[in-house]
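Asker: sequence first, then the predicted structure, then my questions.
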Amino acid sequence: MTSVDASGAAPSGPATLQVAEPVDPAELARLAELLPDGLVVVDADHRVTLANAEALRVLGCEAEDLVGRSLAEGLPLTDKYGRDWWAHSDPWTGPRTRTGHLETLLVAPRGHEVLVTARYLRSAETGTVEQVLVGLRDAEARQRAERDQASVLSTVAHELRAPLTSVTGFTSSLLRRWDRFSDEQKRLMIETIEADATRLTRLITELLDISRLDSDSLNLRLGPVDLHGLLRTHMVRYELGRTAGAVQLRLGESATRDGLPQMWADTDRLEQIFFNLIENALTHGGGGVTVTLDRGDALDGSPESVVVFVDDEGDGIPAGDREKIFGRFWHGPSNASTGLGLYVVRGLVEAHGGTVTVTDNSAGGARFVVRLPAGLPAVLGG
């Protein structure tokens, strides 16, 4: 394919021009039907000679509405300002070094948007245009992606605005009316500011992690990990400022009997995984949370694995939603979280070569099951 600039012009020179060669019409029609995109062929007299089935589908018309008609009559495209596209970009006028135009979003005759490209085939180098090949593509996928992007931006803005409003409001009140508040009121306001600032930091971290996960650029700092000690430290943190016993840590039967295998992982990322899972269980579970650590079977070539169960006392997660909850910005009925935590959890677990799933526990609540490969790298004798 020839490179062209924004105006549709290509660098001059013999290598840049497309020269038309005679093609059997029947063979051209057969090949056109094999293309995944729509194709409309226009001859030197500005008349449409061919339109494949995909082009007719994209345009929403029949062959008789297009084939045999002039380009301006059969395929009247307009730009977003309502201007006639072919008058604005006439293939038969202008510099003879032009080879086509880049993909452009235009309005089709029936009023819907389509993506249009064109290639100009000339009789000779810098000769007259003998054929115009017009490529047509449905714009629905791009529009859907743009809507999704707008939805993500709206969600992020909403999640950032709420804690920022709280921080700004309380900070402003403290600065202007410090002497009017009691020590207890000041302490409560400062604790709220700290909590909202922590929430903002966590949200920004999750957004950065999503970007790294989506671009496959997440870097893990691997090293030996004492997962039991890491989770025990988490339990101590959760006891501070919460009801005693809200989170319980246990060892499974195999771990109690044989101990836990050594692990080689990113300590910070594991902390993030289990912080998100426990926070999710406390927020949506409606009661205490039990974390059980045990030995598991072989996983992804590892001779053994470590499995962690996070059980809550809520109503559980409907079977139809158990995969959805790991999606970006997915909210349950309560809408009480950012919708990022579990997406990040799955990405970080899979980055370690593990898996995370959700099912029901024996009490009817949700059970998240995290399996991580165990053992040390071969270079360390693992």
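Answerer: Great, that's in hand. On a predicted model such as this, the values are computed, not experimentally measured, just so you know.
Asker: look up phi and psi at V306.
Answerer: phi -110, psi 130 (degrees, to the nearest 10).
Asker: pretty sure it sits against L227.
Answerer: Yes - V306 is within contact range of L227, at 6.0 Å (criterion: Cβ atoms under 8 Å). (Glycine included, C-beta is placed from N, CA and C.)
Asker: now do the shared contacts for these two.
Answerer: Shared contacts of V306 and L227 (Cβ atoms under 8 Å, 6 or more residues apart in numbering): L260, M263, L293, L372.
Asker: now the buried members of those.
Answerer: Listed as buried from the shared contacts of V306 and L227 are L260, M263, L293, L372; burial here means 16 or more other Cβ atoms under 10 Å.
Asker: how about those residues in CSV, adding pLDDT and secondary structure?
Answerer: CSV is the format used below for these (pLDDT from 0 to 100; DSSP: H, G, I helix; E, B strand; the rest coil):
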residue, pLDDT, secondary structure
L260, 90, coil
M263, 90, strand
L293, 94, strand
L372, 93, strand
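Asker: returning to that earlier point: so between V306 and L227, which is more surrounded?
Answerer: Neighbour comparison, V306 and L227: the larger count goes to V306, with 26 against 20 (by other Cβ atoms under 10 Å).
Asker: bridging residues for that one?
Answerer: According to DSSP bridges, the partner residues bridging V306 are R295, L372.
Asker: now do it, the pLDDT please.
Answerer: Note on V306: pLDDT of 93.
Asker: got a list of what it touches?
Answerer: Residues in contact with V306 (Cβ under 8 Å, 6+ apart) are L227, L260, P261, M263, L293, D294, R295, G296, R371, L372, A374.
Asker: now L222
Answerer: Neighbouring residues of L222 by Cβ under 8 Å, 6+ apart: W264, A265, D266.
Asker: dihedrals phi and psi, the second one?
Answerer: Geometry field for A265 lists phi and psi as phi -160, psi -180, criterion degrees, to the nearest 10.
Asker: so what's the nearest residue to it once chain neighbours are set aside bridging to?
Answerer: Spatial nearest neighbour of A265, excluding adjacent residues (Cβ to Cβ, 6 or more residues apart in numbering): V225 at 4.7 Å. For V225, the beta-bridge partners under DSSP bridges are M263.
Asker: now the strands for the stretch 151-300 of the chain?
Answerer: Taking DSSP state E, counting those that start in this stretch as the test, the strands found in the stretch 151-300 of the chain are 223-225, 247-251, 263-265, 289-296.
Asker: residue farthest from the centroid of the protein?
Answerer: D179 (48.7 Å; Cα atoms, centre = their mean).
Asker: identify the residues contacting that residue.
Answerer: Residues near D179 by Cβ under 8 Å, 6+ apart: none.
Asker: measure it to V40 for me?
Answerer: In this view, D179 and V40 are 77 Å apart by Cβ to Cβ, to the nearest Å.
Asker: excluding chain neighbours, what is closest to L220?
Answerer: L220 sits nearest to D266 (Cβ to Cβ, 6+ apart), 4.2 Å away.
Asker: could you check the pLDDT of the one you found?
Answerer: 91.
Asker: show me what contacts it?
Answerer: D266 touches L220, R221, L222, G223, V225, H352, counting by Cβ under 8 Å, 6+ apart.
Asker: make it 10 Å
Answerer: Residues near D266 by Cβ atoms under 10 Å, 6 or more residues apart in numbering: L218, N219, L220, R221, L222, G223, V225, Q272, I273, L348, A351, H352.
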